[in-house]
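Student: coords below, sequence missing:
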DNA sequence: GGCTGCACCTGGACG
DNA sequence: TCGTCCAGGTGCAGC
């Protein structure tokens, strides 16, 4: 598994880039079980430009991302964690017109915060710690040994102590709505009306409507 | 009606350019009733360039093309026949941003197949034969006496015997879906969910959704 | 009004 | 040759 070894290399060679509150995740974890690179994509100019979308190569999308709901009118919402512990939500859709899978809403914020340029690499992992987590990282061009070094905890005051998945969802919804509208809404912390998807052992919420709300589990999707 | 006389002139001066299967359309037709030039437009560099759209001069659009639905989200679909009998579908829209009427989807294929360049002329006619038909033709720069000579029946195996409007619709839908997805779908030849528009005595189907389906007449629109 | 998001579109590359 | 994929675009609505 050459890819996997490469991941291990650049990931573990800069352990200090991991945040304090996540160091415990790696205690005693030396083997392949703890993390798995799903795929990487070198970013094209369009991926980091004004189109505000990331094209997910079809073979990776169909292998690693859920198929259920992605073709629906609004696609579905993916929640991924970066090395700082921040949760990133992206709308994940299939565009029949171009026959491609894309991340749209939320992607431009990621590009901006991580200062991504064409030629940089975005990568998707799942990490086992208790349950699995979905992880998104990046590596800047010419910086082969380090992933996700652009954003540190100093940029992400939220979630500093959010370890439980459920807690992260609540915090996330709060921040998401602040980011989106600049307005705090009363129902912010108690969403409903979404479906829960279990992916790589991680519960993901998604919904066909805008203004997502938290949830009872209704759909279970396992790889 | 000077325009009309001009049409008669260049059109009938090269009768051999008309296709065999359509020659019967002109049998016994000598008067103005059989065909009418709606308008011509000399093509600009943008009309034949990478913008993949034809701007329809507003006065012509509003006089000759339907107003109902053109400003809608998807515009509407116009089906026009060329001299070879091939049916061309174009998305016809009004762009509020530029306040112009345009043909978009389908236009670039027409430009390519007819080998149109800036300075060439595209023309729109209605022809009476039984019911009326909408017709699209072109005339290359420096070739004032001939319209639509660039494409012959040798380029258009489809529709060679499609004379009835209904038959043309079925064939057309089949081709449209082939173009869009590259996949033949079982419901291809039996569209529904579209609206029917009667324009210049010709039934036109249009729909707000992709993947159109054939239809019972629901809307009747008469000029 | 600018930016984002969205649905749609097309040409080029390539197997 | 032809279908598939995707990079690079569009207009426009909403925030």
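Tutor: Received, thanks. Everything quoted here is computed from the prediction, not taken from an experiment.

Student: pretty sure residue A:77 contacts residue A:93?
Tutor: No: counting by C-beta atoms under 8 Å, residue A:77 stays clear of residue A:93, with 10.2 Å between them. For glycine as for every other residue, the C-beta is placed from the backbone atoms N, C-alpha and C.

Student: how many residues are close by the residue in chain A that chain B sits nearest to?
Tutor: Residue nearest to chain B within chain A: residue A:96 (6.9 Å; C-beta to the nearest C-beta). Per other C-beta atoms under 10 Å in any protein chain shown, the neighbour tally for residue A:96 reads 12.

Student: from residue B:97, how far off is it?
Tutor: Per C-beta to C-beta, to the nearest Å, residue A:96 is found 25 Å from residue B:97.

Student: near DNA strand C, which residues of chain A are found?
Tutor: For chain A, the residues in contact with DNA strand C (C-beta under 7 Å from any atom of the strand) are A:50-53, A:73-75, A:91, A:93, A:95-98, A:104-109, A:112, A:210.

Student: let's see that with 6 Å instead.
Tutor: Where chain A comes near DNA strand C, counting by C-beta under 6 Å from any atom of the strand, the residues are A:52, A:73-74, A:91, A:93, A:95, A:97-98, A:104-108.

Student: can you select the buried ones from those in PyMOL?
Tutor: In PyMOL syntax, the buried subset of the residues of chain A next to DNA strand C is picked out as below (16 or more other C-beta atoms under 10 Å in any protein chain shown):
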select buried, chain A and resi 52+74+91+93+104+105+106+107+108
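
Student: ok, which of the residues of chain A next to DNA strand C also contact DNA strand D?
Tutor: Among those, the ones lying near DNA strand D by C-beta under 6 Å from any atom of the strand are residue A:98.

Student: in helices, which of the residues of chain A next to DNA strand C appear?
Tutor: Using DSSP state H, the members of those that fall in helices are A:107-108.

Student: for the residues of chain A next to DNA strand C, give me CSV that also has pLDDT and distance to residue B:82.
Tutor: Shown next, in CSV, are those (pLDDT from 0 to 100; distance: C-beta to C-beta, whole Å):
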residue, pLDDT, distance to residue B:82
A:52, 97, 39
A:73, 76, 36
A:74, 81, 40
A:91, 96, 42
A:93, 96, 37
A:95, 95, 31
A:97, 92, 26
A:98, 94, 28
A:104, 97, 39
A:105, 96, 42
A:106, 97, 46
A:107, 97, 43
A:108, 97, 43
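
Student: ok, so of the residues of chain A next to DNA strand C, who is nearest DNA strand D?
Tutor: residue A:98 (3.7 Å; C-beta to the nearest atom of the strand).

Student: quick one: average confidence on the strand or helix carrying residue A:80?
Tutor: Using DSSP states H and E, residue A:80 sits within strand A:76-81. Averaged over strand A:76-81, pLDDT sits at 94.

Student: which elements pack onto that strand?
Tutor: Helices and strands touching strand A:76-81, as assessed by 3 or more C-beta pairs under 8 Å, 6 or more residues apart in numbering or on different chains; DSSP states H and E, comprise strand A:87-95, strand A:131-139, helix A:165-181, strand A:202-206.

Student: what angle do that strand and strand A:87-95 make?
Tutor: Interaxial angle, strand A:76-81 versus strand A:87-95 (axes from the mean of the first three to the mean of the last three C-alpha atoms, to 10 degrees): 150 degrees.

Student: buried residues in strand A:76-81?
Tutor: So, applying 16+ other C-beta under 10 Å, buried residues of strand A:76-81: A:76-81.

Student: need these in TSV with distance to residue B:60, can you?
Tutor: TSV is the format used below for the buried residues of strand A:76-81 (distance: C-beta to C-beta, whole Å):
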residue	distance to residue B:60
A:76	45
A:77	46
A:78	48
A:79	52
A:80	52
A:81	57
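
Student: closest to residue B:138 among these?
Tutor: Nearest to residue B:138 among those is residue A:76, at 45.9 Å by C-beta to C-beta.

Student: now do the closest one against residue A:39, distance only.
Tutor: To residue A:39, residue A:76 is 18 Å away according to C-beta to C-beta.

Student: just residue A:67 next, same as before
Tutor: Taking C-beta to C-beta, one finds residue A:67 at 16 Å from residue A:39.

Student: can you flag the weakest of the helices and strands packed on strand A:76-81 by average pLDDT?
Tutor: Mean pLDDT across the helices and strands packed on strand A:76-81 is lowest at helix A:165-181; the value there is a mean of 30.
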